[in-house]
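Asks: The amino acid sequence is not available; the structure is as follows:
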C-alpha cells in the first residue's frame, strides 16, 4: 500500500509493517510537517522499491488501495508505461 499520508506510516508501523531503513532515515531528517508530507507522497520511492522487488524475481506485486488508487496507478505507469 503506497503511503499517501503521514499518519499512514505510523498506522502501518502499529500493524507490524516494516519501514525500509532508507525511508526511516530520510524521514527522521525531515524537520517540518510540510517536508514530511512531500516525502510521504513521493511516488518515486515506492516505485523504486517495487522495481527492486521485481529485479529480485518477485513473482508479482499486490497493492492494497483502499479506494485510493491514484498512487498505485502512478506506480504502475512508472514501472510498465
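Replies: Structure received. Predicted, not measured: the structure shown is a model, and the values here were computed from it.

Asks: what sits against residue 75?
Replies: 2, 43, 46, 47, 50, 63 (CB atoms under 8 Å, 6 or more residues apart in numbering). (C-beta placed from N, C-alpha, C; glycine too.)

Asks: Kindly recompute the last result at 10 Å.
Replies: 2, 43, 44, 46, 47, 48, 49, 50, 51, 61, 63 (CB atoms under 10 Å, 6 or more residues apart in numbering).

Asks: Mind listing what's buried along the helix ranked longest in the chain?
Replies: For the chain, the helix that runs over the most residues, judged by DSSP state H, is helix 43-55. Applying a neighbour-count criterion of 16 or more other CB atoms under 10 Å, one finds 43, 45, 46, 47, 49, 50 buried in helix 43-55.

Asks: How much space separates the last one from residue 12?
Replies: What that stands for is residue 50. Distance from residue 50 to residue 12, counting by CB to CB, to the nearest Å: 16 Å.

Asks: now swap in the third one and tell me
Replies: The gap separating residue 46 from residue 12 is 12 Å, by CB to CB.

Asks: and which of the buried residues of helix 43-55 is nearest residue 18?
Replies: residue 49 (11.4 Å; CB to CB).
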